[in-house]
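Undergrad: following is a predicted model, sequence given first.
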Amino acid sequence: MASKTTNPFTFLQQVRTETAKVTWPSRRETMISTVMVLVFAVIAMLFFFAADQLMGLAVEWILGIGR
């Protein structure tokens, strides 16, 4: 598959044109998204911590070893 080569100046013009078409999120949207990611990360952390603790207790109880 042969590709057409473009000189760097034309390429940069095309990049600038495409960047102008991007719809950037507002500051409020960015903050809400950031907070939501942090909240769900904490929820996931708590879930996996609890699951790990429960499995550890189950293994300790079944096998009688550990801690």
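TA: The structure has been received and is ready for your questions. Residues are numbered from 1 along each chain as shown.
Undergrad: give me the most central residue, the chain.
TA: Closest to where the C-alpha atoms of the chain average out (C-alpha atoms, centre = their mean) is residue 37, at 8.0 Å.
Undergrad: which helix or which strand is home to residue 50?
TA: Using DSSP states H and E, the element containing residue 50 is helix 27-63.
Undergrad: and the average pLDDT for that helix is what?
TA: For helix 27-63, mean pLDDT rounds to 96.
Undergrad: how far off centre is that helix?
TA: A distance of 15 Å separates the centroid of the chain from that of helix 27-63, by C-alpha atoms, centre = their mean, to the nearest Å.
Undergrad: for it, packing partners?
TA: On a contact count with 3 or more C-beta pairs under 8 Å, 6 or more residues apart in numbering; DSSP states H and E, helix 27-63 meets no helix or strand. Every C-beta, even on glycine, is put in place using the N, C-alpha and C of the backbone.
Undergrad: could you shift the numbering so residue one becomes 25, and keep it that way?
TA: Got it, first residue is 25 now, which makes that one helix 51-87.
Undergrad: which SSE is residue 40 in?
TA: helix 32-44.
Undergrad: counting neighbours, what do you get for the closest residue to residue 30 other than its chain neighbours?
TA: Of all residues not flanking residue 30 in the chain, residue 38 sits nearest, at 7.5 Å (C-beta to C-beta, 6 or more residues apart in numbering). A count of neighbours around residue 38, defined by other C-beta atoms under 10 Å, yields 11.
Undergrad: ok, now how distant is residue 38 from residue 47?
TA: Distance of residue 38 to residue 47, computed by C-beta to C-beta, to the nearest Å: 18 Å.
Undergrad: check residue 71 too.
TA: From residue 71 to residue 47 the distance is 34 Å (C-beta to C-beta).
Undergrad: kindly report the same for residue 77.
TA: 44 Å.
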